[in-house]
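> Starting from these lines, generate the structure:
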Amino acid sequence: MHYHCGVNSKETQRVGILLANLGTPDAPEANAVRRFLSQFLHDRRVVELPRLLWYPILHGLILRVRPGRSAAAYRQIWQTDGSPLLAIARRQSELLQQHFDQRHGDKVQVALGMRYGNPSITSAMQRLIEAGVRKLLVLPLYPQYSCSTTASIYDAVSGVLKYWRSLPDLHIIRDYHLDGGYLDALARSVSEHWSRKGQPERLLISFHGTPERYRRNGDPYSDQCHATAEELVARLGLADGQWYLTFQSRFGRAPWLQPYTDKTLEELAKAGVRSVDVVCPGFSGDCLETLEEIDQQNRRIFLAAGGERFGYVPCLNDRPDHVTALAAILEKETAAWL
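A predicted model of the protein is given here:
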């Protein structure tokens, strides 16, 4: 077993900030997607089935069939600078580094690490240690906590630290689903979209789904999604019936959190609703689940069922008010260290 020295022996006072997100394939190709999905779907936080049951399904079916289909979907959204999620996360990281450079000189180092794929959390943490960091703050870019996302970041960070002899002071931000800056930025993004496009009859607030059994077993994710949505619609001044909270991206046959986004859009169109917008507050940056699943697949579902106008409100991405909100969260959490 190989151990790293860990914290710089000179005991410098630099603070490290690890921005962590889910990740993305290296390329919109089947082999790259297979590597990414394999890492993702081997995570026990993501799929809690017994391994003897899950591995034959994963290796015998999913990793044979799904990479080609997913690669085709990724090609629909791939940009000249690569994966949208990675490109956006890099810009967020760079802007946050600029923020801390302006206010604290060289005392703070920001690094980006992905739970699956590249750049890895391991490489990001190694970069921070090599920069002399001895106090580490981790911000999972998931506003709402879930055992399948945020807790998996905890696992990855601790998995790296167990090979370090000298450990940094460590703090991990659990969630920020009720942060005022985050909520204000969300509300402004929706209001600005309506100023340009007009306000629709209904607003869908769509979050990534999780299996229903996670909620029953104590995962607070669903409650936090509802809390975020209620604060958002209060800022927008919407009445009951003007908005719906829904869940997307379900996978497999087991029940997931409901109502489902795609089914709700179909039902609304068949009930005579002609215009909807969808916003996805659980995603800190646009990705496959927003750009392809929501803005393409779900758009088609709504229009095919009789809807006339479908609008997608982009994620907060690298909007100045989003970066400012994230910076404020990080400033608060690092105040005792700087």
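> in the stretch 51-200 of the chain, which spans are helices?
Per DSSP state H, counting those that start in this stretch, the stretch 51-200 of the chain carries helices over the ranges 51-57, 63-77, 84-104, 121-130, 150-161, 180-197.
> Those into a markdown table, with extra columns for distance to L22?
Placement of C-beta: from N, CA and C, glycine included. Formatted as a markdown table, the helices of the stretch 51-200 of the chain follow (distance: least, C-beta to C-beta, whole Å):
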| stretch | distance to L22 |
| --- | --- |
| helix 51-57 | 20 |
| helix 63-77 | 14 |
| helix 84-104 | 8 |
| helix 121-130 | 11 |
| helix 150-161 | 9 |
| helix 180-197 | 18 |
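> Compare those helices and report which one is nearest to D219.
Relative to D219, the nearest member of the helices of the stretch 51-200 of the chain by C-beta to C-beta is helix 150-161, separated by 8.9 Å.
> neighbouring contacts of that closest one?
Outside helix 150-161, the residues that touch it by C-beta atoms under 8 Å, 6 or more residues apart in numbering are 6, 18, 20, 43, 45-46, 113, 115, 121-122, 125, 138, 140, 142, 145, 167, 170, 172, 174-175.
> Show me what L136 is bridged to.
In this entry, L136 is beta-bridged to G16, L170, by DSSP bridges.
> residues touching it, list them.
Going by C-beta under 8 Å, 6+ apart, L136 touches V15, G16, I17, L18, M125, L128, P168, D169, L170, H171.
> rerun that using 10 Å as the cut-off
L136 makes contact with 7, 15-18, 109, 111, 125, 128-129, 157, 161, 167-172, 337, according to C-beta atoms under 10 Å, 6 or more residues apart in numbering.
> on that earlier part again, taking the contacts of helix 150-161 one by one, which sit in strands?
Cross-referencing those against strands under DSSP state E gives G6, L18, A20, G113, R115, V138, P140, L170, I172.
> residues contacting N298?
Residues counted as contacts of N298 (C-beta under 10 Å, 6+ apart) are 204, 206, 246, 248, 261-262, 264-266, 276, 278, 290, 292, 310, 312.
> now do N31
Contacts of N31 were listed using C-beta under 10 Å, 6+ apart, and they are P25, P67, G68, A71.
> quick one: which of those residues is most hemmed in?
Among the contacts of N31, P25 has the most neighbours (other C-beta atoms under 10 Å), with 27 neighbours.
> Next, the distance between the ends of stretch 74-86.
Stretch 74-86 has an end-to-end distance of 13 Å (criterion: C-alpha to C-alpha, to the nearest Å).
> again with stretch 331-338
9 Å.
> What lies in contact with it?
Stretch 331-338 has contacts (C-beta under 10 Å, 6+ apart) with 13-17, 99-100, 103-104, 107-108, 134-139, 169, 171-173, 179.
> out of these, which are buried?
Listed as buried from the contacts of stretch 331-338 are 14-17, 99-100, 107-108, 134-139, 172-173, 179; burial here means 16 or more other C-beta atoms under 10 Å.
> picking up where we left off before, sitting in helices, which of the contacts of N298 do you find?
Of the contacts of N298, the ones assigned to helices by DSSP state H are T261, D262, T264, L265, E266.
> As JSON lines, these with neighbour count would be great.
Listed next are these as JSON lines, based on neighbours: other C-beta atoms under 10 Å:
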{"residue": "T261", "neighbour count": "28"}
{"residue": "D262", "neighbour count": "20"}
{"residue": "T264", "neighbour count": "24"}
{"residue": "L265", "neighbour count": "30"}
{"residue": "E266", "neighbour count": "18"}
